[in-house]
Every structure is written in C-alpha cells, then in structure tokens.
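**Q** next come a sequence and a model predicted from it.
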Amino acid sequence: MISYKCGNFCLVKNSSECKARLGQINTARGFIDTPVFMPVGTYGTIKGIPCCLLRDAKVQIMLANSYHLYLRPGADYIKKSGGIQQFNSWHKPMLTDSGGFQIFSLQNFTKVYDDGVEFKSPINGEKHFFYPEKSIRIQKDIGADIIMCLDECTTYPVDYNIAKNSVDLSIKWAKRCHHEFYTYSSMTDNTQILFGIIQGSIYNDLRIQSTYEMLDINFDGYAIGGLSVGEPKHYMYSVLQSVLPILPTNKARYLMGVGSPEDLWKCVELGVDMFDCVIPTRNGRNGQVLTSIGKFNIKNSKFKNDYNSLDPNCTCLTCNEYSRAYLNYLIKSHDILYMSLLSLHNIHFMMNLMHTIREALKLDIFIQEKEKFLKQYNVGE
RNA sequence: GGGGGUGUGGCAGAGAGGCUUAAUGCACCAGACUGUAAAUCUGGCGGGAACUUAUCCCUUCGGUGGUUCAAAUCCAUCCGCCCCCA
C-alpha cells in the first residue's frame, strides 16, 4: 500500500514509450488512480444516474460547479447539509470548478473586472459578483476534495494582447485564491487540495509564462484550461507539448474539458493525468452512443430493427438489458429512461477506456493498445 | 324538409387574386455537441435534373368547368364531412 500525505500525487510508473504516466491521487475520500476521467455533474448530480450506479461503473471522482451550486441551493445550504458528497449521496471524491468556465460559457451574462467577475444569473437575472476569495470559500464550504482557482477562460479566437492580459489576470487571481485557500477556515480543513489553472489560449509563449508563474505560487496540482473552446485540434496538442514538459512530475496534471475517446489516448500519451468532459452525459442525452467500434446516434432509423446491444464489448446495465431497437424506440417516444440508459452506457465506456489505458501502462504496452483502440474506434458504425 | 358551416402538403393549422411549393407546430430524415443556461441546437423535408455556387423542369390546396394577363384564393356545378332547427 502506498502511503503519502493527503493531496499528494504519487507517480507510480512512467511509460518507457512516451510521456504517459500511471499515478495515484490521495484525497480524504479515497485514492484516485490516474489517468482518470471525471464525469461532470454541474449541479451536483450526473443527470439521470443514481450514485450507486456510478459507483458500480467504477467512477472514482465526479465534478460539480461552484457557481451553479452557489446560485442554487447555495454554498451555506450545502455546508449545513454536511457537504456535497453527503448531500448527494455520492460519498466519494469530488472536484469543483471555480466559475471560471462560466466566464466563457455564459459570456453574454458576464462582465469581467480586475477584481472579479459580475455574473447575471441565468435562473432569475440577479447579479452576482464572483471574485477569487469568494470562489474559494464557496468551494471549501461545498466540501470539494479538489478545488480549482478562479480563472478567466478565454474564448477562441482571441487576440494575443487580450490573451496576455487574461493570463496576467488569471495569475493575479490565482495568488489571491492560494492565499484565501490557506486562510479561510472550513469544516474540511487539511483534506482539501487546490489546483492552479494555466491559461494563454493558443499562444505557446503565454502558456509557458502562465505555467512558470503558476509553479511559483505552488499548487497541489496544475490544470490546463481554455482549450476545447472551438480551436483547431492541432493548437491543443501544440499547447500541451509546450506546457506538460515543464510541469513537475510529482504533481497531477489536469486537462480541463477534454474530451473525446481519441483525445484521451493522445493526451495521456503526452502526460496528462486527469480529464473531465460532458460528452458522455450531454451527448448521451442527445442520442450519441460511444462504443469500442465507434460512435453513432441511436436516433438514426437504421437502428429501428437492430436487436443487438449498443456495444458488443460492454457489460453495463444498458447493454445487458436493452437492445438498440428498444433504445431507438425509447428516444423516439421521448421516454426519459433513454437519457439514463445512454448516459450510463457512455460513462461505462469512458471508465472502461481509462481502465484499459491504466492496464496498458502497467504492462508498458500503451502505444500498441492506443493504436489498437484508434483503429477499431475509427471503423465507426 | 329548413338553415348554416367546412374540405389546404403524413397530421394539425395559417393563407382570401400575382412576392405561394404554400407560414407555423408536430411527425419524419440527417448533422452538431469537449472545466453543462443543453431531454438542446442546426439543417433538410412534393417529384426529377444540376450541385462549388447559381439554377432549371414537372406536379400540388376535394373533383370538374369557367372568369382573369395571373386562381389555394373569384364564379358555377358536383362530391365528401360537420352543426343547428323540425
């Protein structure tokens, strides 16, 4: 059994073939084997899926969003209810995002100032001022195991000078977050950990500057944000190749908002440890099914008389119990059950994918397994 | 027997002489979705050519016949359906 302090990242094994690594993160609610994929439950719930089924699917950690939870039901409320993991019955590690992504996703309801950001609530139009200290306090009160700094997630495309100012702002905010994190007292003191977020859009020199300044502040882990916001793929890989080599090997690296199955293999290869993405859940609710032989949309009429399971290589509840034909029927008849069943399958798929990646790293056969996966996956349906 | 109404694309339902192959929903067919304002959004949806763009031909608003340069829209007539009174 590996023994190390809460919050520490333990590097278990490096690939001999590439920059990929096997690791483990220690949190108050258990160990997380990396590389890991974290399903997104913005409002503290993975839509449509009971937590017991997430545990069955071997989900290790899930995401929630501090801004959305702050709006409803409120950070104080969650604190009083015993923390988010108690409130939602998940009882396992959770990571909360800071609200920084909402500067991007809710940009039409947002005004960024030097001190913080003014959000207009999408629920009722109320104005809320978010600033670094507030984001940290909310996340601490919510009880997140991993807390993210408030950053500014820029849009794509963005001018160099705007990106540069944004990087400077995110660094300034990161320092304030770091200070508040070690100042503000909460019920879960000493068990929560804080990650900084590297920005800089597609500009490698800004990314490198952002990385060094984040390293100076000294976080428990480092996230790469502001990617997968519409930029061409090669920019993302270019940024990763600039940033990852200068990150310390003894800290976790988290690529925010990524990604698709093929992205996961490629980014693990470059040395990323943690991922999150709405693809398996949101796309599942829109009918997209991820399988070992490619993705497809179960709404398509060709599945009306297809009595096979979604994925011949999957053993999830959906694949065990239901045919493509029935799932096609469910979605056509707007029965809400399809959302749960497709989300659950897609989460199983992502978990199996990460398990395959970890096993490949254990056996040091990552590259061959990656190629095997991509070949089969791109065959499609 | 008397009086009134109505018939539009797969369905519902606008349109009341030219800009109408005909609004809008639904259904149907595709596509998109990457730190979730998302059970959402976008496109297509009479037939046939062409297709990088543009475009062209044919056929449609119950049937038939008319008026008109021009008809889903006006007139006549036939057919179907609905309602009220006896």
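**A** Cool, got the structure.

**Q** okay, now A:Tyr70: neighbour count?
**A** The number of residues packed around A:Tyr70, counting by other Cβ atoms under 10 Å, is 25. No exception for glycine: its C-beta is placed from N, CA and C like everyone else's.

**Q** for it, which three-state class applies?
**A** helix (DSSP: H, G, I helix; E, B strand; the rest coil).

**Q** I'd say it and A:Ile136 touch.
**A** No. With contacts counted by Cβ atoms under 8 Å, A:Tyr70 stays clear of A:Ile136, the gap being 12.0 Å.

**Q** what's the single longest helix in chain A?
**A** helix A:337-362 (DSSP state H).

**Q** could you find the closest non-adjacent residue to A:Val272?
**A** A:Leu255 (4.6 Å; Cβ to Cβ, 6 or more residues apart in numbering).

**Q** RNA strand B contacts on the stretch 51-200 of chain A?
**A** A:63, A:65, A:68, A:97-98, A:100-102, A:104-106, A:108-109, A:122, A:148, A:151, A:153, A:197 (Cβ under 7 Å from any atom of the strand).

**Q** list the residues that contact the nearest residue to A:Ile336 once chain neighbours are set aside.
**A** Of all residues not flanking A:Ile336 in the chain, A:Gly48 sits nearest, at 7.3 Å (Cβ to Cβ, 6+ apart). A:Gly48 makes contact with A:281, A:285, A:336, A:339-340, A:343-344, according to Cβ atoms under 8 Å, 6 or more residues apart in numbering.

**Q** just the buried residues of those.
**A** Among the contacts of A:Gly48, those scoring as buried are A:281, A:285, A:339-340, A:343-344 (criterion: 16 or more other Cβ atoms under 10 Å).

**Q** picking up where we left off before, how about TSV for the contacts of A:Gly48, with distance to RNA strand B added?
**A** Output for the contacts of A:Gly48, formatted as TSV (distance: Cβ to the nearest atom of the strand, whole Å):
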residue	distance to RNA strand B
A:Thr281	3
A:Arg285	4
A:Ile336	5
A:Met339	6
A:Ser340	11
A:Ser343	8
A:Leu344	12
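
**Q** between all of the residues you listed, which two are separated the most?
**A** Farthest pair in these (Cβ to Cβ) is A:Thr281 and A:Ile336. Separation: 14.0 Å.

**Q** please point out which parts of the longest helix of chain A sit buried.
**A** By neighbour count on 16+ other Cβ under 10 Å, the buried set for helix A:337-362 is A:338-354, A:356-358, A:360-361.

**Q** bridged to the residue nearest to A:Val272, which residues?
**A** Beta bridges link A:Leu255 to A:Ile224, A:Phe275, judged by DSSP bridges.

**Q** tell me how many other residues crowd it.
**A** A:Leu255 has 29 neighbours, counted by other Cβ under 10 Å.

**Q** state the distance from it to A:Arg176.
**A** 24 Å (Cβ to Cβ, to the nearest Å).

**Q** which residue ranges of the stretch 51-200 of chain A form strands?
**A** Under the criterion DSSP state E, counting those that start in this stretch, the stretch 51-200 of chain A contains strands at A:62-65, A:94-97, A:110-112, A:117-120, A:127-130, A:146-148, A:193-198.

**Q** at the geometric centre of chain A, which residue do we find?
**A** The residue lying closest to the centre of chain A (Cα atoms, centre = their mean) is A:Asp276, at 1.9 Å.

**Q** from what I see, it and A:Ala64 are in contact.
**A** No. The criterion here is Cβ under 8 Å, and A:Asp276 misses it with A:Ala64 at 10.7 Å.

**Q** okay, and the common contacts of those two?
**A** Contacts common to A:Asp276 and A:Ala64, judged by Cβ under 8 Å, 6+ apart, are A:Leu95.

**Q** before we move on, the earlier item: ok, now which ones touch the residue nearest to the centre of chain A?
**A** By Cβ under 8 Å, 6+ apart, the contact set of A:Asp276 is A:37-40, A:63, A:95, A:254, A:256-258.

**Q** PyMOL command for the buried members of those residues?
**A** In PyMOL, a selection of the buried entries from these looks like this (16+ other Cβ under 10 Å):
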select buried, chain A and resi 37+38+39+40+63+95+254+256+257+258
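
**Q** can you give me phi and psi for the closest residue to A:Asn14 other than its chain neighbours?
**A** Among residues not flanking A:Asn14 along the chain, A:Arg21 sits closest, at 5.2 Å (Cβ to Cβ, 6+ apart). Dihedral angles phi and psi of A:Arg21 (degrees, to the nearest 10) take the values phi -140, psi 150.

**Q** quick check: A:Arg21 touching A:Asp33?
**A** No. Counting by Cβ under 8 Å, A:Arg21 does not reach A:Asp33; the two are 11.7 Å apart.

**Q** tell me which of the two has more neighbours.
**A** The neighbour count for A:Arg21 versus A:Asp33, taken as other Cβ under 10 Å, is higher for A:Arg21 (22 against 16).

**Q** now A:Asp311. Nearest residue, chain neighbours left out?
**A** Among residues not flanking A:Asp311 along the chain, A:Thr291 sits closest, at 3.7 Å (Cβ to Cβ, 6+ apart).

**Q** residues contacting the one you found?
**A** Residues near A:Thr291 by Cβ under 8 Å, 6+ apart: A:310-311, A:313-314, A:349, A:381.

**Q** mind picking the lowest-pLDDT entry from those?
**A** Taken together, the contacts of A:Thr291 show their lowest pLDDT at A:Glu381, with 41.

**Q** picking that back up, now find how far off-centre the helix or strand following the longest helix of chain A is within its chain.
**A** Following helix A:337-362 in sequence order, the next helix or strand is helix A:366-377 (DSSP states H and E). The chain centroid and the centroid of helix A:366-377 are separated by 23 Å, computed with Cα atoms, centre = their mean, to the nearest Å.
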